[in-house]
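Asker: Only the shape, not the letters, is given here:
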């Protein structure tokens, strides 16, 4: 699930429609995977990614460096995921059932995979996002820091805390 | 335990069905048509007039300096967490930042400000299973006069907080999904740090099974809490109930509170009236496509007899999604001030903040960021 860190080199010379569509074709699957791991259901993940591309399209003329469009998109997807999760928990719906998993994921790794992703989704959002960017998307500390707009030290701290918390939760569950 | 490997495998299994072919095409809005050339001259003339007006207004603004606080209706400033860390105090009319409050350690997970705007409480998660409450005294202009850390420590991170009108007490609910041990609700006396705690008891017949969205009655004694009540077999889910806890008489231990309202789905930022008969709240409305269509301030009547009947909802004011931005449904933070008359909306998509006062919508000109937690 490795992503390139910049969009196609000739993006700047294209119309915004064409440039954004080109980015969508190249990176939408990875961004939907990122959103799916964060929010847990496919339809919401697709909506979040569509919203992020729409936001990019609207801001295209104001982007100082179109080569950083992918960094913007990843950051936007994380922000939108955070908002979705916050809305779920703060709409006073409380302990609603998590969204249903896809047919594939129900069959695959039913036990352990679900357990670890459930535990991941219970982490504080900063730790959760850091672990997903570092370990699921295989991004470097530097790339993760750029997307989350924090320092590398913070990335390291969140990684360590998130990992410890996950180990504890998984240990207790067994 | 190799967490990296486990995460990678779990994510790969979860997302295996996501392929380029399985995704819908990107849907972008149609490009705007340029106006015909015959309109060029009048449009240019209007633009020139607007530019002249803007320059003169701007120059006057520069000479006069920023607007003074308190000149407008509603609370003069609000607190909000910032992406780069810490909490900012912002002018609630212009959005200009007035002060920064940074934690000595960790990060803030919940905020509350008293209705008199003089006392703010900030819950700081300072380590694993360690939460402290900071109290900041604010001057009339929103700058910070003093900061202290209240005595005592909590295990789980604070989820939400509510301050009494005079700042004498603060109520906290906790995020108990983190594996940290502690109460589900606590009330802290801000002068002494004396704390009382309660636990929810899932399945208890006459006790609350969850406690969310705390808000104080005007007397600073009764505390309202939302309780999520799952639907039974064959029942329709009607949303959480609102209950009232008398914090002076209720003993510590299992949380027993009196239901005052049933089924408050989609309501947030509840603000009881001074006479305790009604409650004002924010209601978000969504269209058939799940996109946000409007944000309304509504009023509900509380049940006096303790039966907690469902109330009719009276709409007081409404802000449509189109008024704040043609933005997607995700990413709106909303909060009411203590009176329930003034609404603040942060749009994460456009990094803009709006307010609504008696139905009038206005964008805060000096804030170009999205806000996370807001206390107003």
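Answerer: Structure received. Everything numeric in this text was worked out from a predicted model, so none of it was measured. Residues are numbered from 1 along each chain as shown, chains lettered A, B, ... in the order given.

Asker: now the stretch 251-376 of chain B, which segments are flagged as low pLDDT?
Answerer: For the stretch 251-376 of chain B, applying pLDDT under 70 flags the ranges B:288-291, B:304-310, B:325-331, B:349.

Asker: hmm, try it at 50
Answerer: For the stretch 251-376 of chain B, applying pLDDT under 50 flags the ranges B:328-329.

Asker: what about the strands in it?
Answerer: B:253-254, B:258-261, B:267-272, B:278-286, B:292-301, B:313-320, B:332-336, B:342-347, B:352-357, B:360-363, B:374-375 (DSSP state E, counting those that start in this stretch).

Asker: Between those strands, which one is closest to chain A.
Answerer: strand B:267-272 (6.2 Å; C-beta to the nearest C-beta). Every residue, glycine included, has its C-beta placed from N, CA and C.

Asker: now stretch A:80-87: mean pLDDT?
Answerer: Averaged over stretch A:80-87, pLDDT sits at 77.

Asker: Over to stretch A:163-174?
Answerer: 78.

Asker: Also stretch B:117-133?
Answerer: On average, stretch B:117-133 scores 91.

Asker: I figured residue B:354 hits residue B:360, correct?
Answerer: No: assessed by C-beta atoms under 8 Å, residue B:354 is found out of contact with residue B:360, at 10.7 Å.

Asker: Those two: who's more crowded?
Answerer: A side-by-side neighbour count of residue B:354 and residue B:360, using other C-beta atoms under 10 Å in any protein chain shown, places residue B:354 first with 23 against 10.

Asker: just to revisit the earlier point, any chance of the strands of the stretch 251-376 of chain B in JSON lines, with distance to chain A too?
Answerer: Below are these laid out as JSON lines (distance: least, C-beta to the nearest C-beta, whole Å):
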{"stretch": "strand B:253-254", "distance to chain A": "18"}
{"stretch": "strand B:258-261", "distance to chain A": "11"}
{"stretch": "strand B:267-272", "distance to chain A": "6"}
{"stretch": "strand B:278-286", "distance to chain A": "8"}
{"stretch": "strand B:292-301", "distance to chain A": "10"}
{"stretch": "strand B:313-320", "distance to chain A": "14"}
{"stretch": "strand B:332-336", "distance to chain A": "7"}
{"stretch": "strand B:342-347", "distance to chain A": "10"}
{"stretch": "strand B:352-357", "distance to chain A": "12"}
{"stretch": "strand B:360-363", "distance to chain A": "16"}
{"stretch": "strand B:374-375", "distance to chain A": "12"}
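
Asker: Just give the number of residues close to residue A:57.
Answerer: With other C-beta under 10 Å as criterion, residue A:57 counts 19.

Asker: on that earlier part again, to residue B:173, which of the strands of the stretch 251-376 of chain B lies closest?
Answerer: Proximity to residue B:173 (C-beta to C-beta) singles out strand B:267-272 among the strands of the stretch 251-376 of chain B, at 13.5 Å.

Asker: How about residue A:25: what's its closest non-neighbour residue?
Answerer: residue B:20 (7.3 Å; C-beta to C-beta, 6 or more residues apart in numbering or on different chains).

Asker: what sits against that neighbour?
Answerer: A:25, A:28, A:29 (C-beta atoms under 8 Å, 6 or more residues apart in numbering or on different chains).

Asker: domain ranges for chain A?
Answerer: Listed domain ranges for chain A are A:1-100, A:102-174 (source: automatic domain parsing).

Asker: and the residue at minimal distance from the centre of chain B, bridged to which residues?
Answerer: In chain B, the residue lying closest to the centroid (C-alpha atoms, centre = their mean) is residue B:335, at 4.4 Å. Counting by DSSP bridges, residue B:335 forms beta bridges with residue B:344.

Asker: OK, contacts around it?
Answerer: Contacts of residue B:335 (C-beta under 8 Å, 6+ apart): B:78, B:269, B:282, B:343, B:344, B:374, B:375, B:376.

Asker: is it true that the first one lies in a helix?
Answerer: Which is residue B:78. No: Residue B:78 is assigned strand when assessed by DSSP: H, G, I helix; E, B strand; the rest coil, not a helix.

Asker: looking at chain A, which helix or strand does the model trust least?
Answerer: Across the helices and strands of chain A, mean pLDDT, DSSP states H and E gives its lowest value to helix A:103-107, namely a mean of 44.
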